[in-house]
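Peer 1: Dropping a prediction and its sequence here:
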Amino acid sequence: MSRDVQIGQNLARLRGSISQSELAAQMKALGWKWSQSTVWSIEKGDRPLRLAEAEDLLPILNLSNVHQIIGSAFERDMADMVDRVRKLRDSAIRAIHSYNHARLDLAIAADDHDLGVTEHHEVLQEVRVGPIELAETYEVWAVNVAEGDTPVDRSNPYPLSAPDPAEPGSMLNFYMRTTGYRGDRG
């Protein structure tokens, strides 16, 4: 199979539910002289896809790497996996950011109200679990002893003392210590 035929098959697969006419119209809007027959010719392998065209196809097809279009099966798979890892990492970072903001809101609300012992303990348990503790929980969860993995002991030599409910702002200060917060980061 020629390289142009492989690229054409890749494009047809990646195009998914977008019609050849729709794809041509989107490329035309970017300044390319594409028509439905241009897409058909590329997908059949009769017309080569230019690198600059492949780069302009990325946002249209929601891709991040030209290897997803022009690469061999291995290169496409690798590019897809790298793209998936990047998207999941970015999603995890956004989730951790949201999680920390929710913890901060909880800490501030707890400091603004006179909590009973039970409520104070409940809030403390939630504010206590910062990103580092989440990572440690994941690390314990991900250990597969049956496969020979050994748990890592990451005991904290400097354990955090629980905040004093009588001290104003104590829950917020506790939040800051568990987050590793060093100022406003957005």
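Peer 2: Received the coordinates, thanks.
Peer 1: Now do the SS call for Ile18.
Peer 2: Here Ile18 takes the coil state, with states given by DSSP: H, G, I helix; E, B strand; the rest coil.
Peer 1: For stretch 32-41, give the mean pLDDT please.
Peer 2: For stretch 32-41, mean pLDDT rounds to 97.
Peer 1: buried ones in that stretch?
Peer 2: Trp32, Trp34, Thr38, Val39, Trp40, Ser41 (16 or more other C-beta atoms under 10 Å). C-beta here means a position set from N, CA and C on the backbone, and glycine is covered the same way.
Peer 1: The fifth one: what's its closest spatial neighbour, skipping adjacent residues?
Peer 2: With sequence-adjacent residues excluded and distances taken as C-beta to C-beta, 6 or more residues apart in numbering, Trp40 is closest to Gln20, at 5.9 Å.
Peer 1: do the same with the first one
Peer 2: The spatial neighbour of Trp32 that comes closest, neighbours along the chain excluded (C-beta to C-beta, 6+ apart), is Glu53 at 6.2 Å.
Peer 1: how many neighbours does Phe74 have?
Peer 2: 9 (other C-beta atoms under 10 Å).
Peer 1: swap in Tyr99?
Peer 2: 14.
Peer 1: Give me the distance between it and Trp40.
Peer 2: As judged by C-beta to C-beta, to the nearest Å, Tyr99 and Trp40 stand 48 Å apart.
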